[in-house]
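**Q** sequence first, then the predicted structure, then my questions.
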Amino acid sequence: MEITIKDEFIKLGQALKLAGLAENGAHAKEIIAQGAVTVNGETDTRRGRKCRPGDVIAFNGKQVTVRCL
């Protein structure tokens, strides 16, 4: 799966919502804080982490690649 952004980056919490991996901001915050989300294969607990084109976000067996317009 891919998400497409028009800016230089997207915050991790926003990316999870955009991809449909999190129901809302509170859910995104919770799963990130639990260490259930990886970015490029590494666990990241920062909701505000800047995800850039080419980054791969994974949660619950699903992967999302960030792409730019």
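**A** Received, thanks.

**Q** biggest strand in this protein, by residue count?
**A** In the chain, taking DSSP state E as the definition, the longest strand is strand 62-68.

**Q** which other helices and strands contact it?
**A** If you count contacts as 3 or more C-beta pairs under 8 Å, 6 or more residues apart in numbering; DSSP states H and E, strand 62-68 packs onto strand 2-5, helix 12-19, strand 56-59. Placement of C-beta: from N, CA and C, glycine included.

**Q** what residues of the longest one count as buried?
**A** Of the residues in helix 12-19, those buried by neighbour count under the rule 16 or more other C-beta atoms under 10 Å are Leu12, Gly13, Gln14, Ala15, Leu16, Lys17, Ala19.

**Q** before we move on, what about the first one?
**A** Residues of strand 2-5 classed as buried by neighbour count (16+ other C-beta under 10 Å): Ile3, Ile5.

**Q** one step back: out of the helices and strands packed on strand 62-68, which is closest to Ala33?
**A** Ala33 sits nearest to helix 12-19 of all the helices and strands packed on strand 62-68, at 10.3 Å, using C-beta to C-beta.

**Q** starting at the chain centroid, how far to that closest one?
**A** Put simply, helix 12-19 sits 5 Å off its chain's centre (C-alpha atoms, centre = their mean, to the nearest Å).
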